[in-house]
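K.L.:
sequence below, structure please.
(2 chains)
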Amino acid sequence: MNAQGPRSSTGTAPADPGPADGVPDRPVPPLSEAAATRAATARRQRNRRRVVVLTGRVLVLVVFVGLWQLLSSTGTIDTFYFGEPSGVWTQLWAWTAHGTSQGPLWDQVWVTLQETLLGFGIGVTLGVVCGIVLGRLSLLSDVFAPYIKTLNSIPRIVLGSVFAIWFGLGIDSKVALAVVLVFFGVFFNAFQGAREVDRNLIANARILGASNAKVTLHVVIPSALSWITTSLHIAFGFAITGAIVGELLGAQQGLGLLISQAQANFDPDGVYAGLVITAAFALIAEGLITLLERRLLRWRPRPRSSGAGS
Amino acid sequence: MLRDINFSVAPGEFTAVVGPTGCGKSTTLSMICGTDQPDSGEVLIGGRPVDGIGDQVGFVFQADAVFPWKTVIGNIATGPRFRGMPRKEALAEAADWVRRVGLAGFERYHPHQLSGGMRKRVALAQTMINRPRVLLMDEPFAGLDVQTRQIMSDELLSLWELTRPSVVFITHDLEEAISLADRVVVMTAGPATVKQEFRIDLPRPRNTREIRHTPEFVKLHERIWEALRDEVQVAYRRSVTAA
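P.N.:
Okay, here's the model as predicted:
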């Protein structure tokens, strides 16, 4: 697992002429008619593109689900193995209306959500703190480097069984697994981010009178932030994985348990229904993280929208 | 790299240092600043040896070194904030400097929204607000286009008149050096030493563009170029054979 770079480079921009120089003012020149039409055309084109993208997305979903339903209703694929969309829908409806075998659906979702959020929160906090501290103190990072590499290279998912023994079948063992999975991704990015700070910025802060602590607070952390927020997207996926896998390994409640029970009953629709719910909250979380990223990195030039991720 | 660098700058004097590329001008600056230590010899500011980064120096970098995540006013207020001034006072003082460098109305902008020249103004205000006794500038206007450079030179002179720090200004551009400085120091191609110093007795306040057409300026330019040319050629030949 390597550090993912920030989405757009944030270093010092090379000689960028930017707006006109000289006496600075904020000119809002009145648009000529031709320019206004041009702007309107550009806006229309952008809108049209958005509509096309959205339609395309819906179409992909409809085709996929439709084909699946068609193939399973005509018996081309075996519903015993592959389930069918209508079955998944019936299962979801049954869970919502009548509850699951372990109690109301909402309770299961809430347990898994709690595990995910706790694991994510603790993992991210630990990762950021350790990453920044080790990134700033090269002596410490030299001492810990071999251990961190070793811990990172073992398949951490195996720790799930260990945690189940240590912490029992409650939510603690799932939170622990999520923390371990989240930690490394965030840690490596925070560490790299703290290392890659522009030397000039640090020198400037020092000459302006900053102590070591203030350099960290005012220069290193804001600079590493774009690295850290990039890692959050992946980290949330790891947090869900940790929670669900923890539940698969042994639990009393949660979506993972629902999935594993459905699997034990040869009920593919139940497995897919569990996955649909998981995917729904992963999507919501992704949206929230993107909002947070925009809020934290308002100082950065907006990247050209590429469609993906929006 | 460096050998026998020996020159002094009087309080309030504007000194420009010119020399061929890679002759160690920047290293000299970082020694005055305290980020580097000389292997032998010492640097004195106000009679006291430099030991680490002091609070009397200001430094304007060649590259952009303003903090991209801070607004214009936030950037300018950093010096006083780092030195323990309460937030409100620091911001009030920063607001004065925003006006002095002609950025009123841009307080809440982030650096990426500004042009190169405007970012340089932020950098100047950020440094000058600390009222350094020694102002070090390492080719500060190198990245700017010619017109902006001229405007910035005039701005720099008027800011300098406000607090009158001693200035060491490094540049490649001999015209820029003469139009700004009280004294021009010519360095030799490495190992760098001071080759010759020239006093610039042009009247102040100066208009850095118009002064270039005066006969005194032209005469000084010729004399100093005489000294500089040999060094530039040595450095050039060296870079060609190295390549």
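
K.L.:
name the helix or strand for residue 90, please.
P.N.:
Using chain A here. In this assignment (DSSP states H and E), residue A:90 forms part of helix A:85-98.

K.L.:
that's the other chain; I wanted chain B
P.N.:
helix B:87-100.

K.L.:
what's that helix packed up against?
P.N.:
Counting contacts by 3 or more CB pairs under 8 Å, 6 or more residues apart in numbering or on different chains; DSSP states H and E, helix B:87-100 packs against helix B:72-82, helix B:116-128. Placement of C-beta: from N, CA and C, glycine included.

K.L.:
what angle sits between the shortest one and helix B:87-100?
P.N.:
Direction vectors for helix B:72-82 and helix B:87-100, defined by axes from the mean of the first three to the mean of the last three CA atoms, to 10 degrees, enclose an angle of 130 degrees.

K.L.:
let me see the mean pLDDT of helix B:72-82.
P.N.:
In this model, helix B:72-82 has a mean pLDDT of 94.

K.L.:
and for stretch A:86-95?
P.N.:
pLDDT averaged over stretch A:86-95 gives 91.

K.L.:
distance between it and the chain's centre?
P.N.:
28 Å (CA atoms, centre = their mean, to the nearest Å).

K.L.:
outline the domain layout of chain B.
P.N.:
B:1-56+B:133-243, B:64-131 (automatic domain parsing).

K.L.:
among those, show me which one is buried the most.
P.N.:
Among the domains of chain B, judged by mean count of other CB atoms under 10 Å in any protein chain shown, the one packed with the most neighbours on average is domain B:64-131 (a mean of 20).

K.L.:
what kind of secondary structure is residue A:186 in?
P.N.:
helix (DSSP: H, G, I helix; E, B strand; the rest coil).

K.L.:
so who does it touch?
P.N.:
With contact taken as CB atoms under 8 Å, 6 or more residues apart in numbering or on different chains, residue A:186 is in contact with A:123, A:124, A:126, A:127, A:128, A:131, A:228, A:231, A:232, A:235.

K.L.:
roughly how far does it sit from chain B?
P.N.:
20 Å (CB to the nearest CB, to the nearest Å).

K.L.:
count of residues packed around the residue lying closest to that residue once chain neighbours are set aside?
P.N.:
Distance criterion CB to CB, 6 or more residues apart in numbering or on different chains; nearest residue to residue A:186, sequence neighbours excluded, is residue A:127 at 3.0 Å. The burial count assigned to residue A:127 is 25, neighbours taken as other CB atoms under 10 Å in any protein chain shown.

K.L.:
okay, the angle between the helix holding residue B:90 and helix B:116-128?
P.N.:
Using the same axes, to 10 degrees, helix B:87-100 lies at 130 degrees relative to helix B:116-128.

K.L.:
distance between helix B:87-100 and the chain's centre?
P.N.:
On CA atoms, centre = their mean, the centre of helix B:87-100 falls 23 Å from that of its chain.

K.L.:
show me what from the stretch 151-300 of chain A comes close to chain B.
P.N.:
Within the stretch 151-300 of chain A, the residues that sit near chain B (CB under 8 Å from any CB of the partner chain) are A:198, A:200-201, A:203-211, A:214, A:218-219, A:222-223, A:225, A:298-300.

K.L.:
mark which of these are buried, thanks.
P.N.:
Taking 16 or more other CB atoms under 10 Å in any protein chain shown as the criterion, what is buried in these is A:198, A:200-201, A:203-210, A:214, A:218-219, A:222-223, A:225, A:299-300.

K.L.:
narrow those to those in helices?
P.N.:
A:200, A:201, A:203, A:204, A:205, A:206, A:207, A:208, A:214, A:222, A:223, A:225 (DSSP state H).

K.L.:
do you know which of the domains of chain B lies nearest residue A:43?
P.N.:
domain B:64-131 (22.0 Å; CB to CB).

K.L.:
okay, now residue A:148: neighbour count?
P.N.:
Neighbour tally, residue A:148, other CB under 10 Å: 16.

K.L.:
can you tell me how far it is from chain B?
P.N.:
Distance of residue A:148 to chain B, given as CB to the nearest CB: 28 Å.

K.L.:
and that residue, how far from residue A:159?
P.N.:
15 Å (CB to CB, to the nearest Å).

K.L.:
same thing with residue B:85?
P.N.:
50 Å.

K.L.:
if we can go back for a sec, quick one: contacts for the residue nearest to residue A:186?
P.N.:
Residue A:127 is in contact with A:182, A:183, A:184, A:185, A:186, A:187, A:189, A:190, A:231, A:235, counting by CB under 8 Å, 6+ apart.

K.L.:
same thing but 10 Å
P.N.:
Listed by CB atoms under 10 Å, 6 or more residues apart in numbering or on different chains, the contact set of residue A:127 reads A:179, A:182-191, A:228, A:231-232, A:235.

K.L.:
and residue B:175, by the same measure?
P.N.:
Neighbour list for residue B:175: B:153, B:208, B:211, B:212, B:217, B:221, B:225 [criterion: CB under 10 Å, 6+ apart].

K.L.:
hmm, try it at 8 Å
P.N.:
B:212, B:221.

K.L.:
helix/strand/coil for it?
P.N.:
Applying three-state DSSP: residue B:175 is helix.

K.L.:
which one of the domains of chain B has the lowest average pLDDT?
P.N.:
When the domains of chain B are compared by mean pLDDT, domain B:1-56+B:133-243 comes last with a mean of 85.
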